[in-house]
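A.B. asks: Here is my input; please provide its structure:
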Amino acid sequence: MHDSQWTDYKVLLALGDAGSIAGAARLLGVDASTVSRRLAAAEEALGAVLIIRGGRDFVFTAEGRMALEAAQGMQELAVSAAGAIRAAKTAVEGLVRISCVAGLAGPLLEFQAAVEAKYPKLHVEVSADFERADLAKGEADIALRMAEPHEPDLIANQCFEIGLTLFAAKSYVARHGLPATEAELGNHKLILYTRRFAELPAFNWLERYATANAHTMRADGPDMMLGLVSTGGGIGIIDFHGDAAPDLVRVFAQPTAFVRGWLVYHESARNTARVKAVVEMLIAFLRAQARLLSGRRD
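C.D. replies: As a prediction, the model looks like this:
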């Protein structure tokens, strides 16, 4: 006995629609002997007689009617699935998940509102995580990354950059003043990043100015850096969030470094309407936020 195949059930559907072996053969585009062989295979797979022949006509047995109902259910599911897939490709509705670094979650709140205002049936979910989402495994539909992706099935658009600027708390400035030049940074208390950021030049830019007496502590991430600098403990490198903190001031007018940002999505989502709509809006949104994100003061 072999397992039943979809082709076996297609024969049952044709027999149910046509009412005869010859009619089923015409519907399937095969000869009557092929229909008979497939029917025999279905009966062997199911271990039951499915039809009772009476000359050119036949009737389904009780088991045959059960198998026919099963085949009809499979067909309905297949048609429904096909329709859902077509709708996903053409309808701008449903859920789109965006993975990003924690610092970008705030600006994306405004983006979520803009998407839902334009497409009421389209919803955006933002997940801010230090761990990189695996787009090939469907962990997210779109990712905002701070490093160029090299996976072959990913589509990437370098559409934004984040500037990193030296900040100090007003309370620190009141006690120690500000350096007039980069060379004077060695005379100040510096808050540096931990070693896990050591391979990121933009984050470890201050390391060159650290002396035995210069730095007081290290921050294990941008959020911690913002908090430590805000306490007045020293000068540190912060992204655009520093400008939004009322108790912080820039040490120098321009950012010390820039990190390029990439909008990334999987090639399989290229023609999916909901993802395509969000990608287009997100690229435009990030470009409109260029001054905020880059921190440039032209």
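A.B. asks: where do the helices sit along this structure?
C.D. replies: Secondary structure of the chain by DSSP state H: the helices cover 6-18, 21-28, 32-46, 62-90, 105-118, 170-176, 222-230, 241-244, 273-288, 290-294.
A.B. asks: Now tell me what touches stretch 129-140 from outside.
C.D. replies: 97-99, 101-102, 127, 141, 143, 145, 151, 153-154, 221, 264-266 (CB atoms under 8 Å, 6 or more residues apart in numbering). Every C-beta, even on glycine, is put in place using the N, C-alpha and C of the backbone.
A.B. asks: If we use 6 Å, what do you get?
C.D. replies: Residues outside stretch 129-140 that contact it (CB atoms under 6 Å, 6 or more residues apart in numbering): 97, 99, 143, 266.
A.B. asks: Same question for stretch 182-189.
C.D. replies: Residues from elsewhere that reach stretch 182-189, judged by CB under 6 Å, 6+ apart: 179, 209, 211, 214, 216, 234, 235.
A.B. asks: For these, which two are the farthest from each other?
C.D. replies: Farthest-apart pair in the contacts of stretch 182-189 is 179 and 216; separation 15.8 Å (CB to CB).
A.B. asks: When these two are compared, which one has more neighbours?
C.D. replies: Just comparing residue 179 and residue 216: by other CB atoms under 10 Å the higher neighbour count belongs to residue 179, 18 against 12.
A.B. asks: gap between the more buried one and residue 141?
C.D. replies: 45 Å (CB to CB, to the nearest Å).
A.B. asks: now swap in residue 151 and tell me
C.D. replies: The value you get for residue 151 to residue 141, if CB to CB is used, is 15 Å.
A.B. asks: the more surrounded of the two?
C.D. replies: residue 141 (23 against 12).
A.B. asks: List the contacts of the more buried one.
C.D. replies: 96, 97, 275.
A.B. asks: again with residue 236
C.D. replies: Per CB under 6 Å, 6+ apart, neighbours of residue 236: 191, 225, 229.
A.B. asks: List the beta-bridge partners for it.
C.D. replies: residue 167 (DSSP bridges).
A.B. asks: Quick check: pLDDT value at it.
C.D. replies: Listed pLDDT for residue 236 reads 96.
A.B. asks: quick one: it and residue 53, what's the gap?
C.D. replies: Taking CB to CB, one finds residue 236 at 87 Å from residue 53.
A.B. asks: Equivalent analysis for residue 233, please.
C.D. replies: Counting by CB to CB, the gap from residue 233 to residue 53 is 91 Å.
A.B. asks: So which bits of stretch 244-261 are buried?
C.D. replies: Residues of stretch 244-261 classed as buried by neighbour count (16 or more other CB atoms under 10 Å): 245, 248, 249, 250, 251, 252, 255, 256, 259, 261.
A.B. asks: Of all pairs in these, which one spans the longest distance?
C.D. replies: 249 and 261 (25.5 Å).
A.B. asks: residues contacting the closest residue to residue 175 other than its chain neighbours?
C.D. replies: Nearest residue to residue 175, sequence neighbours excluded (CB to CB, 6 or more residues apart in numbering): residue 232, at 7.5 Å. The contact partners of residue 232, by CB under 6 Å, 6+ apart, come to 169, 171, 172.
A.B. asks: would CSV of these with distance to residue 80 and neighbour count be doable?
C.D. replies: Formatted as CSV, the contacts of residue 232 follow (distance: CB to CB, whole Å; neighbours: other CB atoms under 10 Å):
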residue, distance to residue 80, neighbour count
169, 60, 21
171, 64, 13
172, 64, 24
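A.B. asks: helices and strands of this protein: which one has the lowest mean pLDDT?
C.D. replies: When each helix and strand of the chain is scored by mean pLDDT, DSSP states H and E, helix 62-90 comes last, with a mean of 76.
A.B. asks: Break this protein into its domains for me.
C.D. replies: 6-90, 94-160+259-290, 162-258 (automatic domain parsing).
A.B. asks: What average pLDDT does the longest one get?
C.D. replies: Average pLDDT, domain 94-160+259-290: 93.
A.B. asks: Need the distance between the two termini of that domain.
C.D. replies: 28 Å (CA to CA, to the nearest Å).
A.B. asks: for that domain, the distance to its chain's centre please.
C.D. replies: Offset of domain 94-160+259-290 from its chain centre (CA atoms, centre = their mean, to the nearest Å): 6 Å.
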